[in-house]
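> sequence and predicted structure below; questions after.
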Amino acid sequence: MGFQPPQKVYKLVFEDRAYEGLIVKAKSAPIGQLLSLMSLANVDLANIQPEQLQEVTDLFDMFADKLDEWNVDYNDGPHKGEPVPANREGVRSQDGDFIVMIILEWINAIIGVSGPLPTALSNGEKSQVPLPLMEELLPSQGS
């Protein structure tokens, strides 16, 4: 029997006071999924192209599948005040900017980026905080 590495669960930390009290825990993602997440993280949601729609859908679903728990409640509609399930349906029921903000923090937690969080921009601008290049993430191949 081979070694099965433990799957890490990240408790995300939000520095913006608007998210004080928000608890989100999400599992780590395999490298292949992480690379896809990083390439999609800066897609301009306001000007999404038809060919990008499936990729963006996959991004949200990928996050939802890794979402372990959160304390988000519905803020309107017939379920106002009830907990939003930590699954695809729950993620899809939330505002896009809110979920993108969480996904960016999740990516930062996985790759170990510290410092201020990039914020999701509702006016279609891309985040000014660049994601690190793969060369920065991988250890150098010693000489």
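Great, that's in hand.
> which of the three states applies to the spatially closest residue to R88 that is not a sequence neighbour?
Excluding its sequence neighbours, the residue lying closest to R88 (CB to CB, 6 or more residues apart in numbering) is A64, at 4.2 Å. Quick note: C-beta positions are derived from backbone N, CA and C, even for glycine. Three-state assignment for A64 (DSSP: H, G, I helix; E, B strand; the rest coil): helix.
> quick one: A64 and P85 touch, right?
No. Between A64 and P85 there is no contact under CB atoms under 8 Å: 9.6 Å.
> which one's more surrounded, those two?
A64 (19 against 14; other CB atoms under 10 Å).
> how about the helices in the chain?
31-40, 53-66, 88-92, 96-111, 134-137 (DSSP state H).
> quickly note the distance from D76 to T57.
According to CB to CB, to the nearest Å, D76 and T57 sit 23 Å apart.
> of those two, who's got more company?
Between D76 and T57, counted using other CB under 10 Å, the more crowded position is T57 (12 against 7).
> in this structure, which helix or strand is least confident?
helix 134-137 (a mean of 46; mean pLDDT, DSSP states H and E).
> which intervals of this structure have sub-threshold pLDDT?
41-43, 45, 113-143 (pLDDT under 70).
> recalculate using a threshold of 80.
Applying pLDDT under 80 to the chain flags residues 36-48, 51-52, 113-143.
> return the residues in contact with K25.
V9, Y10, K11, L12, L67, D68, E69, W70 (CB atoms under 8 Å, 6 or more residues apart in numbering).
> my guess is V24 contacts I103. True?
No. The criterion here is CB under 8 Å, and V24 misses it with I103 at 10.0 Å.
> deepest of the helices of the chain, which one?
helix 96-111 (a mean of 20; mean count of other CB atoms under 10 Å).
> buried residues in stretch 69-80?
W70, V72 (16 or more other CB atoms under 10 Å).
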